[in-house]
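Asker: sequence plus the predicted model coming up.
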Amino acid sequence: MKIILWISFFFSSFCSLAISQPPVHVKGGYFLDKHSDFTIKEILDKEFLYLPVNKNLNVGYNENLAAWLKINLYNPTSKTQVFWLVLDNNRLDSIQLFDQKQVAILGDRTASNLPFLSYPAFEITLPAKSSKQYILRLKKSISFMDFSFHLETGTSIHQRSNRFLFILSLILGLILFLIVFNSILFWIARQKIYLIYVIYSILSIIYIFIATGLAKYILFPNFLYFSEALIYFGSVWFLILFLFFSFFLNLKENDPIFYRVSLALTVIASTYIVSSIFFYALGLLHWLKILSILNYANFLFFIIVIVVASIRHFKVNRSNATYVLLSFVPHFIWSISIILRVFGIFSKELNISWLVLLSFYDSLLFGFVLVRFYFQTFRKNRLLNEQIILQKETEIQTIVNAQITERQNIANLIHDQFGSAIGHIMQISEKNENSKLKELLLEFSMNIRDVSHQIMPKALEDGALVHAIENQVAILNKTLTNCKIEFESYDFPTIISVNNAQNIYLIFLELINNARRHGKSSIIRMEFYGYDQSLVIQCTDNGLGFDKTNFEFGFGLASINRRIKLVHGKFHIESELNKGTVVQIEIPIIINS
């Protein structure tokens, strides 16, 4: 927020550098030709009212009015002065310059090019110790009209125009960047607020292009209807802005009454836009004036509604309400001042650079706000997901620990309870000297011992994983008829943490089970490798294999994957149909310390 405010202050200061005026005496006057009846010869006999330099003359709404300017210039110096006569409204339909006869013409209703961006200006050459009179005819049909004039040196107006073009290019570049970024966010999040911002910013760019004269100056110099385009794009621009506010404040849920009011005002404004086109086409200019006044009043009421809704929104979301109220105060001031100027209540001329600045400020501020909101939401979701994952890992670890504990309990129960009972029976059988019974009981005792060790070997309680695996492989090779298991250990630690030893042992059993049951393998080779930074387990079989492009984890592999995640390991599978499967597991050594 602070960065945006400082940038805005810099731009406003940059745009308001002093204008250099030539050393020429000037006296201006104006005459309002209400029906555009007079010619240049006839107008010279009329009485002109005094109009000072830089004094804005607000004519108000007119249908067919022409404003005449009489400007008397005197050069008191001993040098010829070359300077520019500048009109401070670049949205006039036409500006004709007369020196006894017409010598130049500029404006929206003409195909002439503007000499400077946003500055309709005529170059004047005034010899030393001489005077000259110029007559200008200003025309703007069926709209609100205001203007002022001043004199400016060539160096000053060139610098000001170039400076303004630079700032405008920078502004448009930033807005385009935010449009692209928020378009991506809309595509990702699918939230309407981003789409509305993109539409509003695009309209802002179009509005800036027309209002600053860039469209006439560079893009479409022969287009004759920029004045009308400015009005209609400006109206739609405001509607989208208010729609954006409604979504930003979530008025539909938080303040339904104000939402319905803003919706009604939107419908009224939309009706004006459509109706004005209809009345303009039919030439019903009187109705067009009424609609224009009503629409300006509608926008004024719209602004009041949004401001009041923002104040009420403090109870719901103080941050969003603050953005609308404080960050958009300059925008509200500009909007209200324009409306008040239309009604003749406020006559202060706002330089066109303020319009560009506020449009830029508008789009830039909320563009960054939306991006910030997205990343805040993304960060919150990520933290929430991390908490969920941590909770799941904790739950899985609890389940695994319970499974391991249950296996140990069952193994101890089988070994201790059944083993001691069989030992007691064998003592009795020795007294009866029944060799056959003794042989059966001994075999039964060994089977129970083997089953107990298969469930959870005693060696794992000391972290002796390799010893436990070797014993288990020996037992399995005795009992399995169609499958042989090979085991090799290369620099694998003799002792590792008990928790990891138990997990890796259960992973080993799952790998053997998958290779036998699903892979139909006849040879399974288990290899354990010990490195400085990690432990690596590789299981290779000659089974049926599978197609990796059309494969989903079954229960066994899913269980292996969960256990590997608990020790922060990596899991990789390579397989081809009828060529067997290779499973590699890597576990960081730091986890085992």
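Answerer: That came in fine, so what should we check first?

Asker: tell me where this structure is predicted with low confidence.
Answerer: Applying pLDDT under 70 to the chain flags the ranges 1-18, 102, 118, 283-286, 326-366, 372-382, 384-456, 551-555, 590-593.

Asker: show me how the record splits it into domains.
Answerer: Domain ranges of the chain: 23-156, 158-385, 459-593, per automatic domain parsing.

Asker: can you put the ones you listed in TSV and add mean neighbour count?
Answerer: Where C-beta positions appear, they are placed from N, C-alpha and C, glycine not excepted. Shown next, in TSV, are the domains of the chain (neighbours: other C-beta atoms under 10 Å):
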stretch	mean neighbour count
domain 23-156	17
domain 158-385	17
domain 459-593	17
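
Asker: where's the closest residue in space to residue 44 that isn't next to it in sequence, which helix or strand?
Answerer: Once flanking residues are discounted, residue 44 sits nearest to residue 135: 7.4 Å by C-beta to C-beta, 6 or more residues apart in numbering. Element membership for residue 135 (DSSP states H and E) is strand 130-139.

Asker: three-state assignment of residue 155?
Answerer: helix (DSSP: H, G, I helix; E, B strand; the rest coil).

Asker: state the distance from the nearest residue to it once chain neighbours are set aside to residue 142.
Answerer: Closest residue to residue 155 apart from its sequence neighbours, by C-beta to C-beta, 6+ apart: residue 20 at 6.7 Å. From residue 20 across to residue 142, the span is 37 Å (C-beta to C-beta, to the nearest Å).

Asker: swap in residue 175?
Answerer: The separation that residue 175 has from residue 142, given C-beta to C-beta, amounts to 31 Å.

Asker: one more: residue 466?
Answerer: 94 Å.

Asker: for residue 309, give me phi and psi.
Answerer: phi -60, psi -40 (degrees, to the nearest 10).

Asker: helix/strand/coil for residue 571?
Answerer: Assignment for residue 571 (three-state DSSP): strand.

Asker: so what's residue 81 bridging to?
Answerer: Beta-bridge partners for residue 81, by DSSP bridges, are residue 126.

Asker: now do the contacts for it.
Answerer: The neighbours of residue 81, taking C-beta atoms under 8 Å, 6 or more residues apart in numbering as the test, are 22, 23, 24, 75, 125, 126, 128.

Asker: and with 7 Å instead?
Answerer: Applying C-beta atoms under 7 Å, 6 or more residues apart in numbering to residue 81 gives the contacts 22, 23, 24, 75, 126.

Asker: cool, and residue 151?
Answerer: 21, 22, 24, 26, 83, 85.

Asker: between these, which sits nearest residue 568?
Answerer: residue 21 (74.7 Å; C-beta to C-beta).

Asker: just give me the residue closest to the centre of this structure.
Answerer: Geometric centre of the chain, nearest residue: residue 182, 3.4 Å, by C-alpha atoms, centre = their mean.

Asker: just how off-centre is stretch 459-476 within its chain?
Answerer: Stretch 459-476 has its C-alpha centroid displaced from the chain centroid by 56 Å (C-alpha atoms, centre = their mean, to the nearest Å).

Asker: quick one: the helices in the stretch 451-593 of the chain?
Answerer: Ranges of helices in the stretch 451-593 of the chain, per DSSP state H, counting those that start in this stretch, are 465-479, 498-517, 555-566.

Asker: tell me how far the shortest one lies from the chain's centre.
Answerer: Think helix 555-566. Distance, centroid of helix 555-566 to centroid of chain: 38 Å (C-alpha atoms, centre = their mean).

Asker: next: stretch 515-527.
Answerer: 51 Å.

Asker: pull the residues that contact it.
Answerer: Contacts for stretch 515-527 (C-beta under 7 Å, 6+ apart): 482-488, 490, 508, 512, 538-544, 581.
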